[in-house]
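# Would you be able to build a 3D model of this:
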Amino acid sequence: MVSLRKVIDTDINYFSIWWRDSELIGLTSGDFGVLDDKTIAGYFKNLHYNTSDLHHMILCDEKPIGHVSLQRGDDNWWELQIIIGDASARGSGHGPEAIAQLLDIARHQSIVKVFLNVRPGNVSAIKAYSKVGFLTVGEVFQTANGNLPDLVRMELSAH
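Down below sits the predicted model:
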């Protein structure tokens with residue numbers, strides 16, 4: 001059973017492991033540069049104390065297995081991001097469950113314009129996003145991160 005809870009101070013321990021996981025980095029940012037503890041602490045502080053975005057830990061049987069967020073962007077668009085940090089939980093169907101729960105929270109906060117960007121080769125993620133109502137709407141050709149290839153943009157079709 002999957003549930004969500006807000007990020008707490010001690011979650012930095014999970015992020016410290018996940019943000020150094022080469023398999024996960026390959027699926028997400030593609031930036032394989034080594035992150036030191038100070039850099040991770042800074043990233044985590046920005047995430048944890050951000051009051052305008054939604055950041056939640058994904059729990060499976062009360063154990064943190066990942067992180068899901070909605071970050072406010074331009075023109076009332078919110079970007080969905082998710083990681084299943086626990087490698088043993090990847091591919092288990094927990095991602096779509098967590099996304100659905102976060103979208104329910106978002107709905108109660110009148111957040112309706114949600115999008116995400118995904119690597120075109122990440123077929124399992126694209127299937128998971130489609131399962132919760134995202135549709136492919138185009139490609140993102142210009143990325144700020146030189147480690148990322150062109151991306152597929154998906155938007156929530158109905159909320």
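# is Ile82 in a bridge, and if so with what?
Bridge pairing for Ile82 (DSSP bridges) gives the partners Val68.
# For it, give me its contacts.
Ile82 makes contact with 58, 66-69, 95, 98-99, according to CB atoms under 8 Å, 6 or more residues apart in numbering. Where C-beta positions appear, they are placed from N, C-alpha and C, glycine not excepted.
# residues near Asn117, how many?
16 (other CB atoms under 10 Å).
# I figured it hits Arg153, correct?
Yes. Contact status for Asn117 versus Arg153: in contact at 5.6 Å, counting by CB atoms under 8 Å.
# where do the contact lists of these two overlap?
Joint contacts of Asn117 and Arg153 (CB under 8 Å, 6+ apart) are Val140.
# Tabulate the contacts of Ile82 (a markdown table), appending pLDDT, distance to Asp75 and neighbour count.
As requested, the contacts of Ile82 are exported to a markdown table (pLDDT from 0 to 100; distance: CB to CB, whole Å; neighbours: other CB atoms under 10 Å):
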| residue | pLDDT | distance to Asp75 | neighbour count |
| --- | --- | --- | --- |
| Ile58 | 97 | 28 | 27 |
| Gly66 | 94 | 28 | 24 |
| His67 | 94 | 25 | 22 |
| Val68 | 96 | 22 | 25 |
| Ser69 | 95 | 19 | 18 |
| Gly95 | 93 | 26 | 25 |
| Ala98 | 96 | 26 | 26 |
| Ile99 | 96 | 22 | 26 |
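# a markdown table for these, including distance to Asn13?
Listed next are the contacts of Ile82 as a markdown table, based on distance: CB to CB, whole Å:
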| residue | distance to Asn13 |
| --- | --- |
| Ile58 | 15 |
| Gly66 | 14 |
| His67 | 13 |
| Val68 | 18 |
| Ser69 | 18 |
| Gly95 | 21 |
| Ala98 | 20 |
| Ile99 | 24 |
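# Could you find which two of those residues are furthest from each other?
Greatest spatial distance in the contacts of Ile82: Ser69 and Gly95, 13.0 Å, computed using CB to CB.
# Which secondary structure element of the chain has the lowest mean pLDDT?
helix 22-27 (a mean of 67; mean pLDDT, DSSP states H and E).
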